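Visitor: pasting the structure only:
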């Protein structure tokens, strides 16, 4: 069976690796010319995503992944702050967590290695055709396959063809991300943020997530000889959020974007110390992107009859990063499709895969959109007033409990 995969992101590479491991004839196409030419931000892989990966890649790849990942169980409990940096509360105990954070670049490079020569870079897909089916290219001859799978993200050419239009829409938030070395922060801010992740909330739809990543000190597997993480020391990978539209910020890059973002938060009366993690970031790491989201209703996902063209991951269930589950869901999609294609009866493999994917996509989208709706609620007159009044009270209550 010949399978053509459109898109060499996390989901597409995971699928390619799994199919290759099971002996399928597979080809993965991606427009990038270098798999490391992607955002250097981190992904969270929970137990389910890791279990799926063990089915898709060789054990040695999993060992290198764990040696390059930061174990959540080794960091402190997450924290919640207000815009002045006052502590509002803590997240759950992570000591029993099996989840791992890993750089996107590291994971993509490992999966690309697993796909090997079946990965074809620098190939821009212009469309798909039911005849064959075939994958169409802007500057090359079409490629025929027994099954075509779109793993080409939120703006998927394949999913748009199947659905007859977009499969997601803007979620109402613009995201901004960057990387800041812990050592570059002041001692006071290092002490406040500590070895944990946290979220600061404020009125008017502004929020700041600060994720702690340390693949060396908090390695999930203590095997330095296998480590290949692009992060080599304690680092905060942060994500700022503002209502969409956020003025002209999305058109800016680098230091110019960093300065404009800081000014935007200052206008919203955030304390300077809460903004230090943005101010001390590597300017080249600062980027802006729009949150897109598919419907949270399972029945709305993959709204097409099962056939010889399908899709997975963000192409079907585009998920904002607010739950940290998008990449994991794409990996689980890939494992599900490989499982069903490997079964004796392939006639309904895609149908069964899509049914599972709809439920999985609905689950992760519901969790992610809870946070999005919460942030957007603070941008209403009532929500802004309630946030301004309640956060100081919550901070006072935490101080009293101490």
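Guide: Received it, and whenever you're ready, just let me know what you need. Just so it is clear, the structure is predicted and the values come from calculations on it, not from any experiment.
Visitor: flag the shaky bits of the protein, pLDDT-wise.
Guide: 40, 246-247 (pLDDT under 70).
Visitor: now the helices for it?
Guide: 10-21, 47-56, 59-67, 104-115, 157-163, 187-193, 254-267, 272-279, 314-317, 326-342, 349-377, 381-401 (DSSP state H).
Visitor: so which elements touch the longest strand along the chain?
Guide: When the chain is parsed with DSSP state E, its longest strand is strand 169-181. For strand 169-181, the packing partners by 3 or more C-beta pairs under 8 Å, 6 or more residues apart in numbering; DSSP states H and E come out as strand 235-243, helix 254-267, helix 272-279, strand 287-293, helix 349-377. Heads up, the C-betas are built off the backbone N, CA and C, glycines and all.
Visitor: got the buried residues for it?
Guide: Across strand 169-181, burial judged by 16 or more other C-beta atoms under 10 Å covers 171, 172, 173, 174, 175, 176, 177, 178, 179, 180.
Visitor: pick the one among those residues closest to residue 235.
Guide: For the buried residues of strand 169-181, the residue nearest residue 235 by C-beta to C-beta is residue 179; the value is 5.8 Å.
Visitor: could you find the closest non-adjacent residue to the closest one?
Guide: Leaving out its chain neighbours, the residue that sits closest to residue 179 by C-beta to C-beta, 6 or more residues apart in numbering is residue 285, at 4.2 Å.
Visitor: what about the one you found, neighbour count?
Guide: Residue 285 is flanked by 18 other residues according to other C-beta atoms under 10 Å.
Visitor: what of residue 60?
Guide: Look at residue 60: counted by other C-beta under 10 Å, it has 12 neighbours.
Visitor: and residue 233, how many residues sit next to it?
Guide: 12.
Visitor: what about the closest residue to residue 257 other than its chain neighbours, how many neighbours?
Guide: Spatially, and ignoring its direct neighbours in sequence, residue 257 is nearest to residue 286 (5.2 Å; C-beta to C-beta, 6+ apart). The tally of other residues near residue 286 (other C-beta under 10 Å) stands at 25.
Visitor: now swap in residue 209 and tell me
Guide: 22.
Visitor: buried residues in stretch 240-257?
Guide: 240, 241, 242, 244, 246, 249, 250, 252, 257.
Visitor: check contacts around the residue lying closest to the first one once chain neighbours are set aside.
Guide: Nearest-residue entry for residue 240: residue 176, 4.3 Å, with adjacent residues in sequence omitted and distances by C-beta to C-beta, 6+ apart. When contacts are counted by C-beta atoms under 8 Å, 6 or more residues apart in numbering, residue 176 is found next to 239, 240, 241, 242, 249, 257, 261, 286, 287, 288, 289.
Visitor: adding distance to residue 64, write these out as a markdown table.
Guide: Below are these laid out as a markdown table (distance: C-beta to C-beta, whole Å):
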| residue | distance to residue 64 |
| --- | --- |
| 239 | 26 |
| 240 | 32 |
| 241 | 33 |
| 242 | 37 |
| 249 | 37 |
| 257 | 34 |
| 261 | 35 |
| 286 | 29 |
| 287 | 27 |
| 288 | 32 |
| 289 | 28 |
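Visitor: my guess is residue 173 contacts residue 243, does it?
Guide: Yes - at 6.5 Å, residue 173 and residue 243 qualify as touching, with contact defined as C-beta atoms under 8 Å.
Visitor: on that earlier part again, note down every partner strand of the longest strand of the chain and its orientation.
Guide: strand 235-243 (antiparallel), strand 287-293 (antiparallel) (DSSP bridges).
Visitor: okay, those strands, which one's buried deepest?
Guide: Compared across these, strand 235-243 shows the largest average neighbour count, a mean of 24 (mean count of other C-beta atoms under 10 Å).
Visitor: roughly how far does residue 209 sit from residue 175?
Guide: Distance, residue 209 to residue 175, by C-beta to C-beta, to the nearest Å: 9 Å.
Visitor: mutual contacts of those two, please.
Guide: Residues touching both residue 209 and residue 175 by C-beta under 8 Å, 6+ apart: 239, 240, 241.
Visitor: which one among these gets closest to residue 378?
Guide: Looking across the shared contacts of residue 209 and residue 175 and measuring by C-beta to C-beta, the closest to residue 378 is residue 241, at 10.5 Å.
Visitor: identify the bridge partners of that closest one.
Guide: Bridge pairing for residue 241 - DSSP bridges - gives residue 175, residue 207.
Visitor: same check on residue 288?
Guide: Beta-bridge partners of residue 288, as defined by DSSP bridges: residue 176.
Visitor: same check on the one 5 residues further on?
Guide: According to DSSP bridges, the partner residues bridging residue 293 are residue 169.
Visitor: buried sites along stretch 348-359?
Guide: Residues of stretch 348-359 classed as buried: 349, 350, 352, 353, 354, 355, 357, 358 (neighbour count, 16+ other C-beta under 10 Å).
Visitor: to clarify, my last question referred to stretch 333-345.
Guide: 333, 334, 335, 336, 337, 338, 339, 340, 341, 342.
Visitor: now do stretch 217-235
Guide: Judged by neighbour count (16+ other C-beta under 10 Å), stretch 217-235 contains these buried residues: 218, 219, 220, 221, 227, 229, 230, 231, 234, 235.
Visitor: dump the residue contacts of the closest residue to the last one other than its chain neighbours.
Guide: Nearest-residue entry for residue 235: residue 213, 5.0 Å, with adjacent residues in sequence omitted and distances by C-beta to C-beta, 6+ apart. Listed by C-beta under 8 Å, 6+ apart, the contact partners of residue 213 are 42, 70, 101, 103, 231, 234, 235, 236, 237.
Visitor: how many neighbours does the fourth one have?
Guide: Using other C-beta under 10 Å as the criterion, residue 103 is surrounded by 26 other residues.
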